[in-house]
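With the input below, show me the fold.
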Amino acid sequence: MSKEKTGKLEKMKEIRDEILNLEESPLYQDRIKNGVFPVIGEGSHDAEIMFIGEAPGKNEAKTGKPFCGVSGKILDELLNHIGVDRKDVYITNVVKDRPTNNRDPKPFEIEIYSPFLDRQIEIIKPKIIATLGRFSMEYIIKKFGLEDKLEPISKLHGKKIEIPDLEMIIVPLYHPAVAVYNRNMLDELKKDFEILKNK
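Numbers count the residues shown, from 1 in each chain. Presented below is the predicted three-dimensional model:
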């Protein structure tokens with residue numbers, strides 16, 4: 001393993017250990033009480049595409065793996081559609097522990113967990129950040145100081161947002177769960193995913 005790969009792995013392990021011991025998060029207490037896991041992230045540390053969801057769901061918290069339930073199956077289908085192998089991308093969330101009953105993450109929870117995501121982005125240095133859902137879209141667009149580009153996800157999905165001064169783009173996407181509740185959305189998601197392939 002090269003020095004660079006070893007360095008990335010060590011930094012990712014540091015993040016994992018800090019999240020495992022994140023006692024100041026109220027979600028940590030739920031995790032311990034329910035005997036579940038945080039979801040740190042999974043995939044290649046050299047990925048060109050980094051997918052960022054909102055927070056883990058029930059299946060994810062049980063296994064510690066991102067997007068492993070029904071939404072994960074749809075994500076796999078979308079990756080297959082563009083000929084990208086899941087192991088070649090990196091998949092994570094803004095919030096690393098499951099909010100109770102799959103509720104939306106609260107602003108203070110995003111504040112607690114987002115520094116870990118910032119470090120993951122810095123380690124991986126993806127060419128494309130594909131956000132899955134509105135919470136990750138809003139966080140990432142604001143993180144890079146592009147508030148003026150912010151619109152509802154219904155308008156921004158499938159569009160490319162260049163990050164000035166960085167060889168990186170943001171592609172906001174609907175969360176794969178939208179196709180769980182409405183199979184008609186699958187075609188729209190496939191079309192949006194094709195932008196990742198074209199890039």
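
Distance check, the closest residue to Pro105 other than its chain neighbours against Phe116.
Closest residue to Pro105 apart from its sequence neighbours, by CB to CB, 6 or more residues apart in numbering: Val95 at 4.5 Å. All C-beta spots, glycine's among them, are computed from the backbone N, C-alpha and C. Noted for Val95: a distance of 10 Å to Phe116, by CB to CB, to the nearest Å.

Compare neighbour counts for those two and give me the winner.
Ranked by neighbour count (other CB atoms under 10 Å), Val95 and Phe116 place Val95 first, with 28 against 23.

residue contacts, that one?
27, 54-56, 105, 109-110, 113 (CB atoms under 8 Å, 6 or more residues apart in numbering).

so the residue nearest to Pro105 sits in a strand?
No - secondary structure of Val95 (DSSP: H, G, I helix; E, B strand; the rest coil): coil, not part of a strand.

Distance of it relative to Asn182?
According to CB to CB, Val95 stands 24 Å off from Asn182.

Let me see the mean pLDDT of stretch 38-57.
Averaging pLDDT along stretch 38-57 gives 96.

Buried residues, that stretch. List them.
38-45, 47-57 (16 or more other CB atoms under 10 Å).

still on that earlier bit, where helices are concerned, which of the contacts of Val95 count?
Counting by DSSP state H, those place 27, 109-110, 113 in helices.

which residues sit against the one helix or strand Glu194 maps to?
Assigned by DSSP states H and E, Glu194 belongs to helix 185-198. Here helix 185-198 makes contact (CB under 8 Å, 6+ apart) with 49, 74, 77-79, 81-84, 128, 130, 157-160, 171, 173-174, 176, 178-179.

tell me the mean pLDDT over it?
For helix 185-198, the mean per-residue pLDDT is 92.

For it, list every residue counted as buried.
So for helix 185-198, counting by 16+ other CB under 10 Å, buried means 185-186, 188-189, 192-193, 195-196.
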